[in-house]
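1. I'll drop the sequence and a predicted model, then ask my questions.
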Amino acid sequence: MDMRSISLKYLVWFCRRSLERLGLFGVVGLGILAFCGMYLFSTLLPERNESRVLQREFDEMKASKGANRKEQLPAYQLQTFYETFPSVNTAADVFARLHREAKADGVDLDQGDYHLVRNEGSKLVRYGVTLPIKGDYMRMRKFLSKALADIPNISLDSVEFQRQKISDTTLEAQVKMTLFLLDK
């Protein structure tokens, strides 16, 4: 016999002997004690840590509430909103950027139609943009995605695709966008 089987037999004998000494109530007590230990480490301690984090966040929010009173006023929030828009004077730069991106993405932009719309009483103006573009579908999609991501104050209103023949890979599209700018 090797040492492993002897030590395993001894361990089995020792466990049986200990359980016989404890009796039924002792074994049940050990089981309850083991369950309580697992419950402590799996549930109570993580909950206590989470409770401390939430209490800390609550205390920070409570402390900063007095400092942020100005930021909570609707007039201040509206002013902050308007400040995110570029000035109407930057419209030419935005349109030049659109044309550069189209050229970089391999999309042909013909002469577009641009019209300014002012609403009385509003600080924002809208530039309605209609762009006839030509290219393959993936390049057009890339151009439009990039334009919408790079110019956050522009919205895509509609896109109409047209193909002369079913076998053509080049599409013609009519893209309508709206550019929102701050009227100063």
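-> In hand now; what should we look at? Numbers count the residues shown, from 1 in each chain.
2. helices of the protein, start to end?
-> 3-39, 45-65, 69-72, 74-83, 91-104, 137-150 (DSSP state H).
3. show me the domain layout of this protein.
-> 1-67, 86-182 (automatic domain parsing).
4. mind putting those into CSV with mean pLDDT, distance to residue 76 and mean neighbour count?
-> Where you see a C-beta, it was placed from the backbone N, CA and C, and this is true even at glycine. Output for these, formatted as CSV (pLDDT from 0 to 100; distance: least, C-beta to C-beta, whole Å; neighbours: other C-beta atoms under 10 Å):
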stretch, mean pLDDT, distance to residue 76, mean neighbour count
domain 1-67, 83, 13, 10
domain 86-182, 90, 15, 14
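5. okay, these in CSV with distance to residue 73 next?
-> CSV is the format used below for the domains of the chain (distance: least, C-beta to C-beta, whole Å):
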stretch, distance to residue 73
domain 1-67, 13
domain 86-182, 17
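6. so for residue 75, which of those domains sits nearest?
-> Taking C-beta to C-beta, domain 86-182 is the member of those nearest to residue 75, at 12.8 Å.
7. off-centre distance for that closest one?
-> From the chain centre to the centre of domain 86-182 is a distance of 25 Å (C-alpha atoms, centre = their mean, to the nearest Å).
8. make residue 1 into 39 and carry on from there
-> Noted, 39 is the first residue going forward, which turns the last one into domain 124-220.
9. quote the end-to-end distance of that domain.
-> Using C-alpha to C-alpha, to the nearest Å, the end-to-end distance of domain 124-220 comes out at 6 Å.
10. the most centrally placed residue in the chain and residue 139, how far apart?
-> For the chain, the residue nearest the mean C-alpha position is residue 187 (13.6 Å; C-alpha atoms, centre = their mean). Remark: distance between residue 187 and residue 139 (C-beta to C-beta, to the nearest Å) = 10 Å.
11. and for residue 102?
-> For residue 102 relative to residue 139 (C-beta to C-beta), the value is 41 Å.
12. cool, and residue 148?
-> As judged by C-beta to C-beta, residue 148 and residue 139 stand 15 Å apart.
13. rewinding a little: and the residue nearest to the centre of the chain, what does it touch?
-> Taking C-beta atoms under 8 Å, 6 or more residues apart in numbering as the criterion, residue 187 is in contact with no other residue.
14. kindly report the same for the one 10 residues further on.
-> Remark: with contacts taken as C-beta under 8 Å, 6+ apart, residue 197 is in contact with 182, 211, 212, 213, 214.
15. swap the cut-off to 10 Å and go again
-> 169, 171, 178, 179, 182, 211, 212, 213, 214, 215 (C-beta atoms under 10 Å, 6 or more residues apart in numbering).
16. JSON lines for the helices of the chain, including distance to residue 222?
-> Converted to JSON lines, the helices of the chain look like this (distance: least, C-beta to C-beta, whole Å):
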{"stretch": "helix 41-77", "distance to residue 222": "64"}
{"stretch": "helix 83-103", "distance to residue 222": "32"}
{"stretch": "helix 107-110", "distance to residue 222": "23"}
{"stretch": "helix 112-121", "distance to residue 222": "10"}
{"stretch": "helix 129-142", "distance to residue 222": "12"}
{"stretch": "helix 175-188", "distance to residue 222": "23"}
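17. much appreciated, bye for now.
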